[in-house]
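Peer 1: I would like the atomic coordinates for the input below:
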Amino acid sequence: MKDTPKKSAIIIAIGDELLSGRIEDHNTNFLIQRLNDQGIVINYCLIIPDDISIIAETIFSYHNKATWLFVSGGLGPTHDDVTMEGIAKAFEEPLVCNTLLSNIIKQRFGEKCTESHLKMAYVPEGTELISARKQNLPVIQYKNIFVFPGVPELLQHLFLSVIDKFQGSKTWSKELLFDVDEGTIAERLKEILKRFSGLKIGSYPVVVNNRSLVKIVLQHGDQDRLIEAEKYAVSSLGRNIIEQPGIKNPSIPGTS
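Peer 2: Numbering: from 1, shown residues only. Here you go, the predicted structure:
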């Protein structure tokens, strides 16, 4: 029997301010964590500028390389908010005024509403709006592309409102910390991978309390097989395992 293809995602953050370093990209990290919690594999993460042509080229090139594509940023009323124009160009669709979005914008800004505000109501033809629980603001969907504002608080609330739409396969994980050099265990890690089909192993050098250690992360879709793999790894590398309080599970980028 063939394995069921895993649900996957691509994340694209849009904004000159991200590429210049003026603003830190919190949205990508948030989406990675939440999508991983849902059992969804992240295929790519990209940061691109507020450029219609680059947005169009990137969106078109990547939208069919994953189950879902998540885009953040570029939905505001100013000249540099061109995400919707980029998506429309990618699929050669006209930008049309969405009545629901237009009414939400008019209600929010009242007498202060300008043509620039109403620019935010224009989306590619064929766009769907998904109801969300935040100031009556919907999530924008075009094909398999979900578009969110760049403001982290707003993106987080909107994404969590629709998170049930994105379900993948549960992956179990276990972290082990060893007082070894990576090069001395590389071959044993390969042997463990061969022994346990479907197992993923990540190896990450870390420094804790001035000690050079190696953090091993085991992942498997079957919890029982993960337990077996953990026991085997400990028996194979156990004499070097670290169990001291305070350094048992150091935090490093890229692991959970």
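
Peer 1: In a strand, residue 189, correct?
Peer 2: No. Going by DSSP: H, G, I helix; E, B strand; the rest coil, the assignment for residue 189 is helix, not a strand.

Peer 1: That one is in contact with residue 203, isn't it?
Peer 2: Yes. At 6.4 Å, residue 189 and residue 203 qualify as touching, with contact defined as C-beta atoms under 8 Å. All C-beta atoms are positioned from the backbone trio N, CA, C, and that covers glycine.

Peer 1: Pick out whichever of these two has more residues nearby.
Peer 2: In this view residue 189 and residue 203 are compared by other C-beta atoms under 10 Å, and residue 189 has more residues nearby, 18 against 14.

Peer 1: quick one: contacts for that one?
Peer 2: 201, 203, 216 (C-beta atoms under 8 Å, 6 or more residues apart in numbering).

Peer 1: before we move on, back to that, between residue 189 and residue 203, which contacts overlap?
Peer 2: Counting by C-beta under 8 Å, 6+ apart, the common neighbours of residue 189 and residue 203 are residue 216.

Peer 1: From residue 123, how far off is residue 131?
Peer 2: 16 Å (C-beta to C-beta, to the nearest Å).

Peer 1: Which one's more surrounded, these two?
Peer 2: The neighbour count for residue 131 versus residue 123, taken as other C-beta under 10 Å, is higher for residue 123 (24 against 11).

Peer 1: how about the strands of the stretch 101-250 of the chain, start to end?
Peer 2: 122-124, 128-130, 139-142, 145-148, 172-178, 200-208, 211-220 (DSSP state E, counting those that start in this stretch).

Peer 1: can those strands go into TSV with extra columns for mean pLDDT and distance to residue 99?
Peer 2: Shown next, in TSV, are these (pLDDT from 0 to 100; distance: least, C-beta to C-beta, whole Å):
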stretch	mean pLDDT	distance to residue 99
strand 122-124	98	11
strand 128-130	96	10
strand 139-142	97	14
strand 145-148	98	18
strand 172-178	90	46
strand 200-208	91	47
strand 211-220	90	46
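
Peer 1: looking at those strands, which is closest to residue 65?
Peer 2: strand 145-148 (12.0 Å; C-beta to C-beta).

Peer 1: Direction included, what does that closest one pair up with?
Peer 2: strand 68-72 (parallel), strand 139-142 (antiparallel) (DSSP bridges).

Peer 1: who touches the last one?
Peer 2: It refers to strand 139-142. Contacts to strand 139-142, defined as C-beta under 8 Å, 6+ apart, come from residues 75, 87, 91, 123-124, 126-130, 132, 146-148, 158-159, 161-162.

Peer 1: 10 Å instead, please
Peer 2: Strand 139-142 is contacted from outside by 59, 63, 68-69, 71, 75, 83-84, 87-88, 90-91, 93, 98, 101, 123-132, 146-149, 155, 158-159, 161-162, 165, using C-beta atoms under 10 Å, 6 or more residues apart in numbering.

Peer 1: Taking the residues you listed, please make a ChimeraX selection of just the buried ones.
Peer 2: To isolate the buried ones among those in ChimeraX, judged by 16 or more other C-beta atoms under 10 Å, type:
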select :59,63,68,69,71,75,83,84,87,88,90,91,98,101,123,124,127,132,146,147,148,149,155,158,159,161,162
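
Peer 1: Any regions of the stretch 51-200 of the chain where pLDDT drops low?
Peer 2: By pLDDT under 70, the weakly predicted segments of the stretch 51-200 of the chain are 133-135.

Peer 1: can the contacts of residue 189 go into JSON lines with extra columns for distance to residue 54?
Peer 2: Listed next are the contacts of residue 189 as JSON lines, based on distance: C-beta to C-beta, whole Å:
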{"residue": "201", "distance to residue 54": "36"}
{"residue": "203", "distance to residue 54": "35"}
{"residue": "216", "distance to residue 54": "39"}
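
Peer 1: if I look at the closest residue to residue 200 other than its chain neighbours, how far off is residue 144?
Peer 2: Excluding the flanking residues, the one nearest residue 200 by C-beta to C-beta, 6 or more residues apart in numbering is residue 219, at 4.3 Å. Residue 219 is 25 Å from residue 144, where distance means C-beta to C-beta.
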